[in-house]
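*Asks:* From the sequence below, what's the structure:
(2 chains)
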Amino acid sequence: MIRVPHRARRSLKVFAVAALVALVAGACQADSPGIFPPAAVTQQGTLTQDLYTFVFAIATAIFILVEGLIVWAVLRYRRRDDRLPVQTHGNLIAEAAWTVIPALIVIALFLLSMQAQDKIEAKSAAPDVVVDVVGFQWQWTIGYGCPDSYESATNVQPGQDCDFALTGAGKQGPDLHVPTGQTVRFRLHAADVIHAFYVPRFLYKKDVIPGRVNSFEVVVEQPGTYAGQCAELCGLGHGEMFLSLTAEDRGAYDAWYAAQVEGAKATPAPTQAGAYEVHISATTAAAFDQTEVSAPADTPLAIVFENRDLTVQHNVTVLKANPDGSDAIGLPFAQPGATVTYQVPPLKAGAYTYICTIHPNMTGTLAVQ
Amino acid sequence: MATTALSPRAGAYPRSRVYEWLTTTDHKKIGIMYITSAYIFFLIGGLMALAIRTELAAPGTQFLNPDIFNQAFTMHGTTMVFFFVMPMLAGFANYIVPLQIGAADMAFPRINALSFWIIPVSALLLFSSFGLGGAAAGGWTSYTPLSEAKYAGIGQDFWLAGLLLNGVSSILGAINILATIFKLRAPGLTMLRLPIFVWTVLVTSVLLIFAVPVLASGLVMLFIDRNYGGAFFDPAAGGDTVLWQHVFWFFGHPEVYILILPAFGIISEVLPVFSRKPLFGYKAFVLATVSIGVLGFGVWAHHMFTTGAVFLPFFSITTFLISVPTGVKMFNWIATMWRGKLRFTTAMLFAVGFLASFLIGGLDGAFSASTPIDFALQDTYWIVSHLHYVLFGGSAFGIMAATYYWFPKMTGRFLDERLGKVQFVIMFVGAHLTFFPMHLLGISGMPRRIQDYAPNVGWQDLNLLATIGSYLIGFGTLVLLWNMFVALRGPRTAGDDPWDANTLEWATTSPPPSYNFDRLPEIRSERPLFDLKHGGAGHAPALPSGEGSQR
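*Replies:* Okay, the predicted model is just below:
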């Protein structure tokens, strides 16, 4: 038998206090995330928020009760002599109590959850606005005014079928707009792997799954701009798959919508006369088919890009090709099988690197002489 | 007991020690090899975790690019689940179960050796992918289509093959354990006198036999999809990609109980011994263990609430209900300590630390069971926090308790208690520092499995805190290794029954001879050794006292 130092109690206290201080310090910083979700901005999210608060209250009560019993037992029943304690084998009433009471609590929580869930998952017969979201590695395409067939169509091309489509890489992603106070239905389509459409301020997410069309509805009540991000691991760029959502009143939304439709109708500027054509294609997401191309200096360029990769979108972005030193980003992305022409301003002599924005491992060199 | 002279090692065929370990069918040696290799995988998986935390300590890419990052968290999860916790618990079961039931060995000693030796081979297969084009990078759940041939390289095939082989080991081990428990119990050791650890291992083995073949079928289907033009999970060719999630989680959720039930068993051995009281509500505890095992097969789709492809109410209510038997256990453990005489050895500290930490992981479950709340929390860091409270605050703390509790039996030597307490304090603080902030990160919207986050979203401080916590856990692990290193060079001072314990493994020498027992005490309850020492004090009056004094 070994002797146990009687410092156990003190060290228990020390670690308890240390852990508590650290956690409280972490939890209480002014602009840091807290133990409650950020304020919901949708009708549906508000229900989730209330439910969370309720479950949190019950969980906290149980936490304090049980941790209190543990701490009490640890402090109170420390061994002080060698006498054998009373050998209690059980107590039917106590055991029945701590079986039945928790069972009643969880059944109550279940019923409350189902009540909220039915409202959150409800679908209206005719939503005011329908937004189609296409997730692909590693961006979103957002389609507005898409055909009814999108309710069940799994392979969709909002760029061709809809009033207009938005896309965009970077820390913001595409900026989709919705009207406040109206029912918005999101229909979710996946072009390659599973993604998840997640706007934290909605307190909601839904998976974007190839072969299925998932949908959900919200009524956004708070105007504002809210960040969103893919929540299901989708490969290399998973952490950079952003979107941003702007909620505004119906008037502003309609004006924005009209402007977008106008923009989509405007015919793309024809290839400048005398532009030098460079042909690039891609058959896989591993590399461009051409990794070295050349062009004359001080001449407008037209990069004719043929996407022969039937699985994903690609583009050609020439790094540091704009007069201000920024990248000449090739937009729009070329859908699988499509050919797109990108205009590049006249370049000074030198070697330029071009990449696919979506797949930065696809690179090539543009030699300008 | 002068038994060592009878050891076959003293016979006419001297063999090298290495040869003996490589060819042994002794459940104790195999158990120690399981435990040792599992600790090695704990170090490997832990280093990957530290690499992940280092990258996430601050915004931007400092340490791991997205490619390596995805490989790191995939292999971290895979290693910890399949090569640390499972073999570790299998190792303790291997060593302890035959001793606790008074058997000389497992029912099938050579199959036992086979199921151990599969583990290093499957690990070699899995880890070789790092040098052969990159390891799997689709998460330990390897959701399709990301894990299909179009999106994932050859590392995914190594992952599939490695886990398939690992599963063979688990199934063989489970069959062996069940045969051992059902057929080799000592006279008088009825099912309702089994130590609780044996009960939890029994239920775990049943879970393994039902769950692992389902995973194996999924692994084979995905392998066919990837290599032989199958389309099980390809919607474009008539398959269903959500099917993979059903198959994976039909294994994956019982797997959670496979990882935690034996830890429940360990805690249920440690708490009574160091409280000097019997486990409170033994039969309720057995019933709770069995009902967790049964209900555990009815909750798998709570991992899939956001797929829009599952019937939410059924999986919500089953998930809520499974918290009831788990809660029963929590109250039984506390009632075991109540009015006891508590001795705070390191094993006991880890057991109490388990209660305090696992409670948080359990309460988290009520949030996830509520579908609307799960819609907000699914796939965020909140889930990472929850699962680590269960698997680290639960399984790993249980494993630490088992290590300190049974080390004297396995080696005849004590781990140093002072170092042990230092390790406990460091790991306890470290674990909560690492995993509690993840709750807050997840609630505020940080998705899991992202390699980077923007500096302006307020996630910096909490991530840094979590990283500091993870370094503390790493430091605590070093203290444990040092403790083992020193202890193994020290003298054998432990004796047969150093903790004044209750169960049969303490009725033989430390370490036990290869045939385990010279003689067994009479078994009249789940605490035969306690009866022997205290003449059945506190037991049913029908049993005449003093009967067990055979020594």
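
*Asks:* A strand includes B:E148, no?
*Replies:* No: checked against DSSP: H, G, I helix; E, B strand; the rest coil, B:E148 lies outside a strand; its state is coil.

*Asks:* quick one: it and chain A, what's the gap?
*Replies:* Distance, B:E148 to chain A, by Cβ to the nearest Cβ, to the nearest Å: 8 Å. In this view, the C-beta of every residue, glycine as well, is placed from N, C-alpha and C.

*Asks:* List the contacts of that residue.
*Replies:* B:L222, B:D225, B:R226, B:F233, B:D234 (Cβ atoms under 8 Å, 6 or more residues apart in numbering or on different chains).

*Asks:* could you redo the last one with a cut-off of 10 Å?
*Replies:* Going by Cβ atoms under 10 Å, 6 or more residues apart in numbering or on different chains, B:E148 touches A:192-193, B:138, B:142, B:156, B:222, B:225-226, B:230-234, B:239, B:241, B:244.

*Asks:* which residue is nearest the middle of chain A?
*Replies:* Nearest residue to the geometric centre of chain A (Cα atoms, centre = their mean): A:Q229, 2.0 Å.

*Asks:* pLDDT value on the residue in the stretch 251-369 of chain A that chain B sits nearest to, please?
*Replies:* When scored by Cβ to the nearest Cβ, the stretch 251-369 of chain A has A:T311 as its residue closest to chain B, at 6.3 Å. According to the prediction, A:T311 has pLDDT 70.

*Asks:* try A:D327
*Replies:* Looking at A:D327, its pLDDT reads 81.

*Asks:* Secondary structure class of B:L349, three-state.
*Replies:* helix.

*Asks:* Oops, could you answer that again for A:C234 instead?
*Replies:* Three-state assignment for A:C234 (three-state DSSP): coil.

*Asks:* got the contact list for it?
*Replies:* Per Cβ under 10 Å, 6+ apart, neighbours of A:C234: A:135-138, A:190, A:192-196, A:208, A:241, B:138, B:143, B:145-146, B:151, B:449.

*Asks:* if you set the cut-off to 7 Å instead, what comes out?
*Replies:* A:Q137, A:W138, A:V193, A:I194, A:H195, A:M241, B:L146 (Cβ atoms under 7 Å, 6 or more residues apart in numbering or on different chains).

*Asks:* could these be laid out in a markdown table, adding neighbour count?
*Replies:* Listed next are the contacts of A:C234 as a markdown table, based on neighbours: other Cβ atoms under 10 Å in any protein chain shown:
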| residue | neighbour count |
| --- | --- |
| A:Q137 | 24 |
| A:W138 | 25 |
| A:V193 | 29 |
| A:I194 | 25 |
| A:H195 | 31 |
| A:M241 | 26 |
| B:L146 | 26 |
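
*Asks:* Excluding sequence neighbours, find me the nearest residue to A:T283.
*Replies:* Nearest non-adjacent residue to A:T283, counting by Cβ to Cβ, 6 or more residues apart in numbering or on different chains: A:R308, 4.6 Å away.

*Asks:* What is the neighbour count of residue 168?
*Replies:* In the absence of a named chain, this looks at chain A. 21 (other Cβ atoms under 10 Å in any protein chain shown).

*Asks:* that's the other chain; I wanted chain B
*Replies:* For B:V168, the tally of surrounding residues (other Cβ under 10 Å) stands at 16.

*Asks:* if I look at it, how far off is B:L462?
*Replies:* B:V168 is 41 Å from B:L462, where distance means Cβ to Cβ, to the nearest Å.

*Asks:* Low-confidence ranges, the chain, go.
*Replies:* Just going to use chain A. Along chain A, the model assigns pLDDT under 70 to residues A:1-32, A:266-274.

*Asks:* wrong one, chain B
*Replies:* In chain B, residues with pLDDT under 70: B:1-14, B:536-551.
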